[in-house]
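Undergrad: here you go, sequence then predicted model.
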Amino acid sequence: MDYILRENKKLAKETNINRTIFAACPNSIAVMKASLNSAKRCNAPIKFATTLNQVDLDGGYTGFTPRQFVNKIRQYAKSINLKTPVIIAIDHGGPWLKDRHRKEGLNYEQTMTEVKATFEAAIEAGYDLIHVDPTIDTTLPKGEIIAIETVAARTVELITHCETYRTRNDFPKIAYEVGTEEVHGGLVDLTVFTKFFELLKTGLQREGLTDVWPCFVVGKVGTDLHTTEFDPEVAKTIVGIAAEYGSVIKGHYSDNVTNPEAYPKSGMGGANVGPEFTEREYEGLMELEEIEKQLHNENKVAKLSNIKKSLWNAVIDSGRWRKWLSEGENSDDFYKNSFERQEWLIKTGCRYIWQNHEVVACRVELYENLENNGVKAEQILLAHIERAMDKYFYKFNLINLNDILQERTLEVV
């Protein structure tokens with residue numbers, strides 16, 4: 001990751017074209033496959049940003065441990081003869097950022113112990129980057145914001161733990177990402193933003209880690225869960241500050257962003273996209289269900305899969321839709337919320353239940369019903385997701401970056 005960002009910086013100076021690394025949050029097997037397919041077609045690096053909820057020692061909601069996830073990605077990449085770089089990373093790794101930790105009421109020591117164990121497993125599995133994000137503290141009184149000094153100190157503690165474990169076991173070097181868009185205005189308060197850098201620099205020096213520095217720093221650039229407009233002016237400001245310290249800015253919540261072309265123009269180093277692909281996967285399944293119904297009406301399908309009903313039931317029964325309710329919405333009765341909100345909650349909540357046994361069985365039945373009639377079900381589904389991904393590869397100026405990087409590497413050799 002450090003190498004690619006370094007070369008991107010050189011390329012920008014030589015060609016006046018900035019590039020933004022695209023990172024997909026792999027919330028389903030379909031998204032994993034689509035990401036690799038899109039990366040191959042666009043001939044560009046692909047980064048996977050896995051949250052602790054998605055992939056962890058307990059399997060997460062995808063069912064994969066870090067080692068299993070890496071192996072599965074390698075298998076899929078090999079199956080399509082992928083040559084482009086694949087970067088695998090932890091996204092939002094920190095205390096209480098795993099839903100189960102909050103639900104079970106883990107104290108600080110307990111959640112930190114689990115996070116450190118996950119980091120160790122990721123390093124051992126061959127991850128390339130860890131996003132260290134200790135910006136949540138459930139022990140604080142409601143409404144109180146965690147002190148930036150605490151954020152910096154815990155960031156140093158976690159990076160130090162990773163480096164100690166990595167060097168002791170002779171694992172390859174990894175890259176780091178720090179910060180979050182959800183604390184202190186996403187560190188957009190420029191005083192706080194700069195202070196965080198200084199505290200981090202001093203803390204790492206104190207631990208003897210002068211050669212370790214985060215390549216990515218997450219900043220709030222206008223997008224969040226409910227907004228899709230990227231703010232290039234804010235981005236340019238914090239990009240400039242980060243550059244003085246040798247880092248680039250990463251944007252999160254880039255889903256469905258209306259102006260993705262502004263990311264590279266503003267000098268953004270990377271952007272994460274996740275829930276958008278769950279929405280596209282859901283829409284793909286709805287298209288397949290419509291085809292299935294047509295075939296059923298023609299007596300070409302004996303029994304409907306009822307995939308939509310299965311998805312809605314699974315999301316509602318999981319209760320995880322409550323996590324995304326806005327103030328004033330009904331948390332007791334899902335169906336008392338507006339239909340528009342119901343559909344949004346289902347679409348975004350599907351990522352939690354793709355591996356639900358009933359949902360998996362319905363999807364298998366749906367695919368079989370269609371395949372028996374000559375309909376390439378999975379290809380149709382993946383096309384929905386890949387179309388969205390191709391947009392980011394194109395708008396982020398990543399097309400054929402793989403060839404460019406390979407040529408530059410050969411020149412150095």
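TA: Alright, I've got the coordinates.

Undergrad: show residues contacting the longest strand along the chain.
TA: As assigned by DSSP state E, the longest strand anywhere in the chain is strand 86-93. Strand 86-93 is contacted from outside by 1, 4, 21, 23, 25, 36, 39, 45-52, 69-70, 73, 77, 115, 118-119, 122, 126-133, 158, 177, 180, 272, using Cβ atoms under 8 Å, 6 or more residues apart in numbering. In short, each C-beta sits where N, CA and C put it, glycine included.

Undergrad: please export the C-alpha coordinates of the helix or strand following that strand as CSV.
TA: Following strand 86-93 in sequence order, the next helix or strand is helix 99-103 (DSSP states H and E). C-alpha atoms of helix 99-103 as CSV (Å, rounded to 0.1, in the frame of the first residue of the first chain):
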residue,chain,number,x,y,z
ASP,A,99,-21.2,-4.6,17.8
ARG,A,100,-20.9,-7.6,20.0
HIS,A,101,-18.4,-5.9,22.3
ARG,A,102,-21.0,-3.2,23.0
LYS,A,103,-23.9,-5.6,23.2
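
Undergrad: for stretch 138-158, C-alpha coordinates in PDB please.
TA: Below are the C-alpha coordinates for stretch 138-158, written out as PDB (Å, rounded to 0.1, in the frame of the first residue of the first chain):
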ATOM      1  CA  THR A 138     -18.700   3.600  25.700                       C
ATOM      2  CA  THR A 139     -17.600   4.300  29.300                       C
ATOM      3  CA  LEU A 140     -17.900   8.100  28.800                       C
ATOM      4  CA  PRO A 141     -21.100   9.900  29.800                       C
ATOM      5  CA  LYS A 142     -23.600  10.300  27.000                       C
ATOM      6  CA  GLY A 143     -22.700  13.200  24.800                       C
ATOM      7  CA  GLU A 144     -19.200  13.500  26.000                       C
ATOM      8  CA  ILE A 145     -16.500  13.300  23.200                       C
ATOM      9  CA  ILE A 146     -13.400  11.300  23.800                       C
ATOM     10  CA  ALA A 147     -10.300  13.500  24.300                       C
ATOM     11  CA  ILE A 148      -8.000  13.700  21.300                       C
ATOM     12  CA  GLU A 149      -5.100  13.000  23.600                       C
ATOM     13  CA  THR A 150      -6.700   9.700  24.500                       C
ATOM     14  CA  VAL A 151      -7.300   8.900  20.900                       C
ATOM     15  CA  ALA A 152      -3.700   9.500  20.100                       C
ATOM     16  CA  ALA A 153      -2.400   7.500  23.100                       C
ATOM     17  CA  ARG A 154      -4.600   4.500  22.300                       C
ATOM     18  CA  THR A 155      -3.600   4.700  18.600                       C
ATOM     19  CA  VAL A 156       0.100   4.600  19.600                       C
ATOM     20  CA  GLU A 157      -0.600   1.700  22.000                       C
ATOM     21  CA  LEU A 158      -2.300  -0.400  19.300                       C
END
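
Undergrad: buried ones in that stretch?
TA: Of all the residues in stretch 138-158, those buried under the rule 16 or more other Cβ atoms under 10 Å are 146, 148, 151-152, 154-158.

Undergrad: among these, which are in helices?
TA: Counting by DSSP state H, the buried residues of stretch 138-158 place 148, 151-152, 154-158 in helices.

Undergrad: any chance of those residues in CSV with pLDDT as columns?
TA: Formatted as CSV, these follow (pLDDT from 0 to 100):
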residue, pLDDT
I148, 91
V151, 93
A152, 94
R154, 97
T155, 97
V156, 98
E157, 98
L158, 98
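
Undergrad: and which of those is nearest T210?
TA: Nearest to T210, judged by Cβ to Cβ, of those is V156 at 12.6 Å.

Undergrad: roughly how far does that closest one sit from Y253?
TA: To Y253, V156 is 26 Å away according to Cβ to Cβ, to the nearest Å.

Undergrad: give the buried residues for stretch 61-77.
TA: For stretch 61-77, the neighbour count (16+ other Cβ under 10 Å) marks 61-67, 69-70, 72-73, 76-77 as buried.

Undergrad: what's in contact with it?
TA: Applying Cβ under 8 Å, 6+ apart, the external contacts of stretch 61-77 come out as 26-29, 32-33, 36, 48, 50, 53-59, 86, 88, 118, 121-122, 124-127, 351-355.

Undergrad: what about those, which are in strands?
TA: Using DSSP E, these in strands are 48, 50, 86, 88.

Undergrad: residues in contact with E261?
TA: K395.

Undergrad: after whichever strand or helix holds L285, which helix or strand is next?
TA: L285 belongs to helix 275-297 when assigned by DSSP H and E. Next along the chain after helix 275-297, taking DSSP H and E as the criterion, comes helix 307-318.

Undergrad: can I get that following helix in PDB, CA atoms only?
TA: Extracted C-alpha coordinates of helix 307-318, given in PDB (Å, rounded to 0.1, in the frame of the first residue of the first chain):
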ATOM      1  CA  ILE A 307     -36.100 -14.600  -1.800                       C
ATOM      2  CA  LYS A 308     -37.500 -11.100  -1.100                       C
ATOM      3  CA  LYS A 309     -39.700 -12.400   1.700                       C
ATOM      4  CA  SER A 310     -36.800 -14.300   3.100                       C
ATOM      5  CA  LEU A 311     -34.500 -11.300   3.100                       C
ATOM      6  CA  TRP A 312     -37.100  -9.000   4.800                       C
ATOM      7  CA  ASN A 313     -37.800 -11.600   7.500                       C
ATOM      8  CA  ALA A 314     -34.200 -12.200   8.200                       C
ATOM      9  CA  VAL A 315     -33.300  -8.500   8.500                       C
ATOM     10  CA  ILE A 316     -36.300  -7.800  10.700                       C
ATOM     11  CA  ASP A 317     -35.700 -10.800  12.900                       C
ATOM     12  CA  SER A 318     -32.000 -10.000  13.300                       C
END
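
Undergrad: in that helix, which residues are buried?
TA: Neighbour counts over helix 307-318 (16+ other Cβ under 10 Å) mark 307-308, 310-312, 314-316, 318 as buried.
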